[in-house]
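Asker: How does the following fold in three dimensions:
(chains A and B)
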Amino acid sequence: MRFIDIAVASGYAAVCLSLMIMMNPVATREAAVGAGAQSALDTAISSYIERVGLPFLATSSQTAICSSAAEASNSTLAFDVVVQGEACGSAVARSSPLASSSLTIDLPSRTVVIEAWLVRQ
Amino acid sequence: MARKAVAATLASVVLFTVLVVADATVMSAQDNLASTAQASHIESRELLMEQSLAGSVSLQVLTQAQGYLSSNPAGCDTLSQYAGAISAAGASSGEDSGIAYAANATASEAPASSSSSLVSPQRDNLTIVAPFAGDVPGALDLQEVLSVKEVGGGGSVSLERTETHTLNLPIKIDSASSLCAMTLGSLATALSRSPCNATLKQDAFDAVLPGLREDAAALGFTLAAGWVSGGAGCSATYWVTLVEPGVAGATGSFDWTVRGSGKTTA
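Answerer: Numbers count the residues shown, from 1 in each chain, chains lettered A, B, ... in the order given. Prediction:
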């Protein structure tokens, strides 16, 4: 009787522990945080495009575009713009960002990729 | 002793059950939060893409219109119909970040009520293509019908929009029209009033031309003009070419040309 009791209790405990490990909420919380960060970056890219305008990205020199990306960057957010495959190359923390997002825009004269990162402090 | 063991086991079972239920509740809440955040992310991504798609197809439209203007000189006598002949379209489709998209735009001359009657620029909310968004009095105004459709999140988040916008290219149609009338009128007067002699007609032509060039320059145009004797009698055929150089277009500057001609009778 005692042996059965211990076996049932141990089995049930094992099942419960397995369930708790399987239902780890950390992964979903990280996914939610990641999605939130992506939304923030998309909003930042949108603000940048709205500020400089597509005609500027379609006609300006690489130097002027890189300057605008540098102006839009700050200590927590970094922008880079790739024009016809050529990046500004001055972006901070490209190697280990908290989150990153990019948008490719096919303009009549060139293809522009706007990249944004949340910088790890 | 056995009862105590059973009681301890039951207590453990209850405790573990409570822990599992609590964990499941937290997990469910986090799952809902993650789903909401994911849907929100897809929505913000779709809005970003909608913005850039609307701008890029509008730029395609402006580029086509610009190409037409730079390669098709206008005629002084057909300036009013010139803008009506312009028709442009742009389209883009594909998939980005799991969002399928399709955007297209068509544009033609804006109705007179929304362009020529205006005395000051009218804004349009397609500010991403500024300064080519909105009406500009005296310039070429185009009415664009823009359509964007996006589907993401496996079909759960969709965005569909059809809007009408006004775009402009800053050629000076009104200035060109007044210059045409003034220049052709002045040349006609000068050539028809001069005696029936090639040298005297040339003198009359040369006398009026510098002033016409100055008037054209004041409105941002360069002017070239010439004339030939009509052969029979005292008639003369004259012509002018007005060029608006370096018009700031959506994809770079271009020259816009207007040509006109006339003939004096003997």
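Asker: lowest average confidence, helix or strand, in chain A?
Answerer: helix A:2-22 (a mean of 80; mean pLDDT, DSSP states H and E).
Asker: So what's the gap between the next helix-or-strand element following that one and the chain middle?
Answerer: Using DSSP states H and E, the helix or strand that follows helix A:2-22 in sequence is helix A:25-52. Centroid displacement of helix A:25-52 relative to its chain, using CA atoms, centre = their mean, to the nearest Å, is 6 Å.
Asker: can you tell me if helix A:25-52 touches chain B.
Answerer: Yes. Judged by CB under 8 Å from any CB of the partner chain, helix A:25-52 and chain B are in contact via A:25, A:28-29, A:31-33, A:35-36, A:38-39, A:42-43, A:45-46, A:49-50. (Glycine included, C-beta is placed from N, CA and C.)
Asker: Pull out the buried residues from stretch B:177-187.
Answerer: The neighbour-count check on stretch B:177-187 (16 or more other CB atoms under 10 Å in any protein chain shown) flags B:177, B:179-180, B:183-184, B:186-187 as buried.
Asker: quick one: low-confidence parts of chain A?
Answerer: Residues of chain A that meet the criterion pLDDT under 70 lie in A:1-2, A:25, A:90-95.
Asker: so where does B:Leu159 fall, helix or strand?
Answerer: strand B:157-169.
Asker: Can you pull the phi/psi pair for A:Pro108?
Answerer: Backbone geometry at A:Pro108, expressed as degrees, to the nearest 10, gives phi -60, psi -30.
Asker: Name the nearest residue to it, ignoring sequence neighbours.
Answerer: B:Thr63 (4.2 Å; CB to CB, 6 or more residues apart in numbering or on different chains).
Asker: repeat for A:Ala69
Answerer: Nearest residue to A:Ala69 in three dimensions, chain neighbours excluded: A:Phe79, at 4.2 Å (CB to CB, 6+ apart).
Asker: Am I right that that neighbour sits in a helix?
Answerer: No. Counting by DSSP: H, G, I helix; E, B strand; the rest coil, A:Phe79 falls outside a helix, being strand.
Asker: ok, now which ones touch residue 17?
Answerer: All of this is about chain A. B:Phe16 (CB atoms under 8 Å, 6 or more residues apart in numbering or on different chains).
Asker: Actually, chain B is the one I wanted.
Answerer: Contacts of B:Thr17 by CB under 8 Å, 6+ apart are A:Cys16.
Asker: please redo it, this time with the cut-off set to 10 Å
Answerer: Going by CB atoms under 10 Å, 6 or more residues apart in numbering or on different chains, B:Thr17 touches A:12, A:16.
Asker: How about B:Ser58?
Answerer: A:54-55, B:88, B:90, B:103, B:105, B:107, B:124, B:126, B:128-129, B:132-133, B:142, B:144, B:146, B:165, B:167, B:250.
Asker: Point me to the helix or strand that includes it.
Answerer: Per DSSP H and E: B:Ser58 is located in helix B:2-71.
Asker: ditto for B:Ala103
Answerer: With DSSP H and E as the test, B:Ala103 turns up in strand B:99-109.
Asker: any bit of that strand sitting next to chain A?
Answerer: No. Strand B:99-109 does not reach chain A (CB under 10 Å from any CB of the partner chain); its nearest approach is 10.7 Å.
Asker: before we move on, the earlier item: doesn't B:Ala88 make contact with the residue nearest to A:Pro108?
Answerer: Yes. Counting by CB atoms under 10 Å, B:Thr63 does reach B:Ala88; the two are 8.1 Å apart.
Asker: where does the stretch 151-266 of chain B come near chain A, residue by residue?
Answerer: Proximity of the stretch 151-266 of chain B to chain A, by CB under 10 Å from any CB, involves residues B:248-253.
Asker: Count the neighbours of the closest residue to A:Thr76 other than its chain neighbours for me.
Answerer: The shortest distance from A:Thr76 to any non-neighbouring residue, by CB to CB, 6+ apart, is to A:Val119 (5.4 Å). As a burial measure, A:Val119 scores 18 neighbours (other CB atoms under 10 Å in any protein chain shown).
Asker: For A:Val119, give me phi and psi.
Answerer: Note on A:Val119: its backbone torsions stand at phi -80, psi 140 [degrees, to the nearest 10].
Asker: Kindly report the same for B:Gly220.
Answerer: With angles defined as degrees, to the nearest 10, B:Gly220 sits at phi 90, psi 20.
Asker: so B:Val61 makes contact with B:Ala103?
Answerer: No. Counting by CB under 10 Å, B:Val61 does not reach B:Ala103; the two are 11.3 Å apart.
Asker: Next, show the common contact partners of those two.
Answerer: By CB under 10 Å, 6+ apart, the residues touching both B:Val61 and B:Ala103 are B:90-91, B:146.
Asker: sorry, back to before: could you tell me the average pLDDT over whichever helix or strand comes after the strand holding B:Ala103, please?
Answerer: Reading on from strand B:99-109 to the C-terminus, the next helix or strand found by DSSP H and E is strand B:140-152. For strand B:140-152, the mean per-residue pLDDT is 94.
Asker: and strand B:140-152, what does it pack onto?
Answerer: helix B:2-71, strand B:87-96, strand B:99-109, strand B:157-169 (3 or more CB pairs under 10 Å, 6 or more residues apart in numbering or on different chains; DSSP states H and E).
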